[in-house]
Structure formats: structure tokens, C-alpha cells
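K.L.:
output the structure for:
(2 chains)
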Amino acid sequence: MKEIAPTHVKEAPVTMDTGELSCESAPGPEMTDVACARAPIGLLAELTHRCPLQCPYCSNPLDLERANTELSTEEWQKVMRQAAQLGILQIHLSGGEPTVRRDLEEIVKTAAEVGLYTNLITAAVLLTRERLQKLKDAGLDHVQISIQDVDTAAENADRIAGYKGGSEKKKIVAGWVRELGLPLTINAPIHRHNIKNVEAIIDYAVELGAGRVEIAHVQYYAWALKNRASLMPTREDFMTAAKLTEKARERLKGVIVIDMVVPDYYAKFPKPCMGGWGRGIINVTPQGRVLPCHAAESIAGLEFDSVRDKPLGEIWLNGQAFQKYRGTGWMKEPCRSCPRREIDYGGCRCQAFALTGDAANTDPACSLSPLHAEWANVAEVESHLASPEFTYRRPGGASPKPVREKTPAPTDA
Amino acid sequence: MGEASPRVRAIVTADTRPVLPPHIKLRHDAGRGRWLVLAPERVFEPDDTAVAVLKLCDGARTVGDIAGELAKEYNAPKDEIVTDIVAMLQDLADKGVVTA
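P.N.:
Numbering: from 1, shown residues only, chains lettered A, B, ... in the order given. Just a heads-up that it's a prediction; the model follows:
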């Protein structure tokens, strides 16, 4: 530090969604300290698949893991210590519903002690003020509460979540979060049944005292893929919602940070899923399986190691599932020679597999995919048909087990 | 309802006393050999200038005070530094990284 920079101060934001990773993690010859050079920024800890809510867009796998297979308190604490050693900075405590775990405080405490930034991703309905206080005392840094709609549409919100009284309880818990001085993010998954309320949802997040709101247009994997015909908004509704979100961003600048996750059915380019496979994010399932993304188990032919058998760092660096699609060497055309190959990494591997049968194919979300037109048409057609009943997310709810989804014929809905 | 975050945009001036709220953490990351700002679902990578400024954002010093200290330390004109860091801190305030 010899001279003050004359003009702008540069910052590199890193988020789970856009994957603009500032970690110089691109594997290359200049790499010296392997563990650190490639360390993931964030760890998504799915503490349990148990959840009182039954949201039809849930990103958990259709085969939910059972409570009696979950990692113990000591095992999660070990994961936290190994995460810190590996260079991970942020822990997202998620699920299912993480507050179902009675040992959440102990896990948070360990994470905080080893210097990790702790983020609780919760449906909030099981929380008490006392428990929140305990979590704060344990070192919790941030709370994210999901909502299904605004409070004045509580009935709709509760119908979507399959949980009576949920909307009202979430509002109360959000109040406690702020009373205790914890920072709050509101996460609102957006789909056909609430997209017309986007602006009101943003204003509701402001009213709840959130510093940040995620307008998270549903991504169609797992339960959401199963419910796609019920959830897909029309392009017109999406465009309107996007415009309103942009206007709200201007209007509420400095008041609330608004992040938007774009539904890739209506995007120009595929999203750099997870910021690139095995690049910035690592996911641990309730029973300790370590995944490059929370949906990775849907891809056939991948082998997942468990934190019960191997250290996190070794899995991250050498695990078969991580190596398989890390970097760009696995790519086929049109990805291989594409100038955007290190921008979007060919999109989402899980979506490529679900829709083409080969995870190394270009994600059909990309206009260069031969399946793109057919795929984009699915959204167009489904979104204009009457919404079928939800298949609610609950153990066994998806059975009979669906065969891998091909691009469906848009005739029967 | 609890006390909400500031519901109007905070405007940064030379008289502002900026501070990092408790949930924003300026941390030296030894493994990566640099400073990072940890925020909800975000990590910012401040450059040397930003680190020098953020270290002085204690809620007591004004932007003018901070610029004064940096002007001395770097032997640079204070006015230019004020302009520079007001812009930077306004941007960070809009992102919720500093409270003004």
C-alpha cells in the first residue's frame, strides 16, 4: 500500500446465484497452495430434509433423506471445522428446515468459533423468540426467511406452502429477528401463483425490516420440475415482474438490496450454475454426502463421497463427482469452442442431464443447444394451460417414482 | 414490529460517520492472501484503498476525518480523497455494507 488509488474502488461481489467468484480458483499452473487456491467460498449445509412446509417448488431431491440417517451433532461440527480449514468463508444452514434440528445452536456455535459466516435459511414457522435469542448468542450472523406471498394474501401463501397459519407466523418471526438486531433477508420464490404480487412482495420485505430481498424465480429442478406445469409463469408475466423489480430497485436504492434470480426458461443465456461446477460452492446433504450442487444426485454416473469416510477438502479436490465437470475439459461442442465457456460453463449440468440424458451436453437453456427451441416452447405452452394440482413436497409424495423427464409433449396438461 | 433498517436512503457526505454493521465482517483471509468483506450471501473483495478506508469506519470518525488521515498517510490531496471515498462509501451504503 504505497499510493492511494486515484479513482474507483473495485469490489468483486460473490453470490451463490451468479457465481461471480472472486476466489482465484481457476485451476491453473500458477496455483501454489492447492487447497486455498481452489477453496470454495460457501458451503450449503442441508442439515435435514425434514420440513413442516410442503412447497411444490422445493429444490430437495424427490427421494428425501430420512431423519435416522442424518449426521450427528459431532459430525456436523467436524464438517464446520474442516470447512474453515479448507478456506470456506460462509455457511448456509439449510434443509429441509434446519430449525427441526434441536442441535442447531451447537452447530452454529462451532461454525462461529472457527470463524465462518453463518447464515440461517429458514421457513421460520417453528422458531420461538427464545430459540432465536439462543442462536444469536451462539454467533448466528444472518437470518433468511422464505415467504410464499404477502401477508394480505395469507391464504394463498399457506396454500402454496401446504401449511396453515404459516404466513402469519413468518411475519411474527421476522419481527423477532429485527427486535434481536439480527439482519434479515426475505427470500420469495416466484411462480405463476404469486408473480403478480412481485412489487407488493418487495414492499412487504421492506415493511418486515429486511435489508435484502431475493426475488427468486423458481428454478425447475426436483419438485419444481415435477410441478413445472403448475408453476411456470407466462413470458408476459415474467417480463412485467422483471420490469417492476427493476423499478423497485431504483425506487428503493439504499433502502433494500433486491436480488433477482432469473428463470432460465426466459433467459437469453444459461446461468453459470453454482458459478461453475466444483468451483465456488460445496453442498453437504443430511446424511453427509458431498455434492457439487444440491441437485447433483439426479445425474446418473456420479459417485458421491461422504464426510463420514473422507475429509471435506479431499472430497472437494479429488472426488469423482467434483472432477467430472470441473473446468472446461469435459465439454462437447458447441460449448467447447464457445467464447462464453468460462462465463456460463455451459449452464446447468443437472438440467442438461434431465432434458438430454447426458450431463455433458449443452444446457437446453442455451440458444445454441439443438434442443433449445423445443425446450423453450414447453414453458410457452405449459404457462398458458390451466394449472394442475400441486404435487406437494412430502416423503413419498412424488411416487410412483418418475422416470427421468424428457422434454414433455406439451399436449396433455 | 422490531426496529426496521433505515427505511430511507442514507446519503454519504464529508460529515457522515460511517460504520460497518455487526453482520458485515472485514476479514483478512490468510489462505487467499487478501482482505474480504463478508456480507449476507455475498463476499466483496476490497482493494487496498477500500481496506484502508473501511478499517477507519468506526462510527466515530467522519468521512472528512478519514480522508484527512489518508491524505497524511499517502501524501495526497484531501479534497480528491474525500470525493473518491464519498462515492465509494455511497455505493457500499446502497449495498448495505456500511451504515452511514
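
K.L.:
report the secondary structure state of the residue of the stretch 251-400 of chain A found nearest chain B.
P.N.:
The minimum distance from the stretch 251-400 of chain A to chain B, using Cβ to the nearest Cβ, falls at A:G254 (2.9 Å). For every residue, glycine as well, the C-beta is placed using N, CA and C. Secondary structure assignment for A:G254 (DSSP: H, G, I helix; E, B strand; the rest coil): coil.

K.L.:
tell me the buried residues in stretch A:266-285?
P.N.:
Under the neighbour-count criterion of 16 or more other Cβ atoms under 10 Å in any protein chain shown, stretch A:266-285 has A:266-267, A:269-285 buried.

K.L.:
for A:K169, phi and psi?
P.N.:
Torsion angles at A:K169 (phi, psi; degrees, to the nearest 10) stand at phi -60, psi -40.

K.L.:
what of A:A188?
P.N.:
Torsion angles, degrees, to the nearest 10, at A:A188: phi -120, psi 100.

K.L.:
and it, how many neighbours does it have?
P.N.:
Neighbourhood size, A:A188 [other Cβ atoms under 10 Å in any protein chain shown]: 23.

K.L.:
what do you get for A:I343?
P.N.:
Around A:I343 there are 14 residues (other Cβ under 10 Å).

K.L.:
surely it and A:P272 touch.
P.N.:
Yes: here A:I343 reaches A:P272: they are 6.4 Å apart, a contact under Cβ atoms under 8 Å.

K.L.:
residue 43 pairs with what?
P.N.:
Assuming you mean chain A. A:I91, A:I282 (DSSP bridges).

K.L.:
chain B was what I was after
P.N.:
A:V14, B:L38.

K.L.:
hang on, it packs against B:V37?
P.N.:
Yes: B:V43 lies in contact with B:V37 (Cβ under 8 Å); the separation is 7.0 Å.

K.L.:
any residues in contact with both of those two?
P.N.:
The contact sets of B:V43 and B:V37 do not overlap (Cβ atoms under 8 Å, 6 or more residues apart in numbering or on different chains).

K.L.:
low-confidence ranges in the chain?
P.N.:
Went with chain A since none was named. Applying pLDDT under 70 to chain A picks out residues A:1-38, A:400-413.

K.L.:
chain B was what I was after
P.N.:
B:1-6.

K.L.:
which residue ranges of it form helices?
P.N.:
Along chain B, the stretches classed as helices by DSSP state H are B:48-56, B:63-74, B:78-94.

K.L.:
swap in the stretch 251-400 of chain A?
P.N.:
A:312-318, A:320-324, A:349-356, A:372-384 (DSSP state H, counting those that start in this stretch).

K.L.:
phi, psi for A:T73 please.
P.N.:
Dihedral angles for A:T73 - degrees, to the nearest 10 - are phi -50, psi -50.

K.L.:
ok, A:L104 to chain B distance?
P.N.:
18 Å (Cβ to the nearest Cβ, to the nearest Å).

K.L.:
most packed of the helices of the stretch 251-400 of chain A?
P.N.:
helix A:349-356 (a mean of 24; mean count of other Cβ atoms under 10 Å in any protein chain shown).

K.L.:
for B:K95, give its distance to A:Y117.
P.N.:
16 Å (Cβ to Cβ, to the nearest Å).

K.L.:
the more surrounded of the two?
P.N.:
A:Y117 (26 against 20).

K.L.:
who are the contact partners of the more buried one?
P.N.:
A:L89, A:Q90, A:I91, A:D141, A:H142, B:K25, B:L38.

K.L.:
now the first one. Nearest residue, chain neighbours left out?
P.N.:
The reference is to A:L89. Residue nearest to A:L89 in three dimensions, not counting chain neighbours: A:I41, with 5.5 Å by Cβ to Cβ, 6 or more residues apart in numbering or on different chains.

K.L.:
that neighbour against A:I282, yeah?
P.N.:
No: counting by Cβ under 8 Å, A:I41 stays clear of A:I282, with 9.2 Å between them.

K.L.:
hang on, the earlier thing: A:V206 versus the closest residue to the residue of the stretch 251-400 of chain A closest to chain B other than its chain neighbours, what's the distance?
P.N.:
Once flanking residues are discounted, A:G254 sits nearest to B:R9: 2.9 Å by Cβ to Cβ, 6+ apart. Separation of B:R9 from A:V206 (Cβ to Cβ) stands at 12 Å.

K.L.:
between these two, which contacts overlap?
P.N.:
A:V255.

K.L.:
for those two, indicate the residue with more neighbours.
P.N.:
Neighbour tally, B:R9 and A:V206, criterion other Cβ under 10 Å: the higher count belongs to A:V206, 19 against 14.

K.L.:
that one is in what secondary structure piece?
P.N.:
Under the criterion of DSSP states H and E, A:V206 resides in helix A:198-207.

K.L.:
mind listing what's buried along that helix?
P.N.:
A:V198, A:E199, A:A200, A:I201, A:I202, A:D203, A:Y204, A:A205, A:V206, A:E207.

K.L.:
then stretch A:291-303?
P.N.:
A:L291, A:P292, A:C293, A:H294, A:A295, A:A296, A:E297, A:S298, A:I299, A:L302.

K.L.:
what does stretch B:50-57 give?
P.N.:
Buried, per 16+ other Cβ under 10 Å, within stretch B:50-57: B:A50, B:V51, B:A52, B:V53, B:L54, B:L56, B:C57.

K.L.:
the fifth one and chain A, how far apart?
P.N.:
Computed as Cβ to the nearest Cβ, the B:L54 to chain A distance reads 10 Å.

K.L.:
nearest residue to that residue in space, please, no chain neighbours.
P.N.:
B:L26 (5.3 Å).

K.L.:
list the contacts for that neighbour?
P.N.:
Counted by Cβ under 8 Å, 6+ apart, B:L26 has contacts B:L20, B:W35, B:L36, B:V37, B:P46, B:V51, B:L54, B:K55.

K.L.:
between those, which is nearest A:F322?
P.N.:
B:L36 (23.2 Å; Cβ to Cβ).

K.L.:
what sits against the closest one?
P.N.:
If you count contacts by Cβ under 8 Å, 6+ apart, then B:L36 has A:S22, A:L89, B:L26, B:R27, B:H28, B:D29, B:V43, B:F44, B:E45, B:P46 around it.

K.L.:
tabulate the residues you listed (JSON lines), appending distance to A:M239.
P.N.:
As requested, the contacts of B:L36 are exported to JSON lines (distance: Cβ to Cβ, whole Å):
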{"residue": "A:S22", "distance to A:M239": "31"}
{"residue": "A:L89", "distance to A:M239": "36"}
{"residue": "B:L26", "distance to A:M239": "39"}
{"residue": "B:R27", "distance to A:M239": "40"}
{"residue": "B:H28", "distance to A:M239": "44"}
{"residue": "B:D29", "distance to A:M239": "40"}
{"residue": "B:V43", "distance to A:M239": "31"}
{"residue": "B:F44", "distance to A:M239": "31"}
{"residue": "B:E45", "distance to A:M239": "33"}
{"residue": "B:P46", "distance to A:M239": "36"}
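
K.L.:
closest to A:G313 out of the residues you listed?
P.N.:
Closest to A:G313, out of all of the contacts of B:L36 and judged by Cβ to Cβ, is A:L89, at 14.6 Å.

K.L.:
how about the contacts made by the closest one?
P.N.:
Neighbours of A:L89 in contact, by Cβ under 8 Å, 6+ apart: A:I41, A:G42, A:L116, A:Y117, B:R27, B:D29, B:L36, B:L38, B:V43.

K.L.:
how does it look with 6 Å?
P.N.:
A:I41, A:Y117, B:L38 (Cβ atoms under 6 Å, 6 or more residues apart in numbering or on different chains).

K.L.:
pretty sure the residue nearest to A:G254 contacts A:I256?
P.N.:
No: in this structure, B:R9 is not within contact of A:I256 by Cβ atoms under 6 Å, at 10.0 Å.

K.L.:
list the contacts of stretch A:314-332.
P.N.:
Under Cβ under 6 Å, 6+ apart, the answer for stretch A:314-332 is A:27, A:277-278, A:282, A:290, A:292, A:302-305, A:341, A:346, A:349, A:360.

K.L.:
great, nothing more from me.
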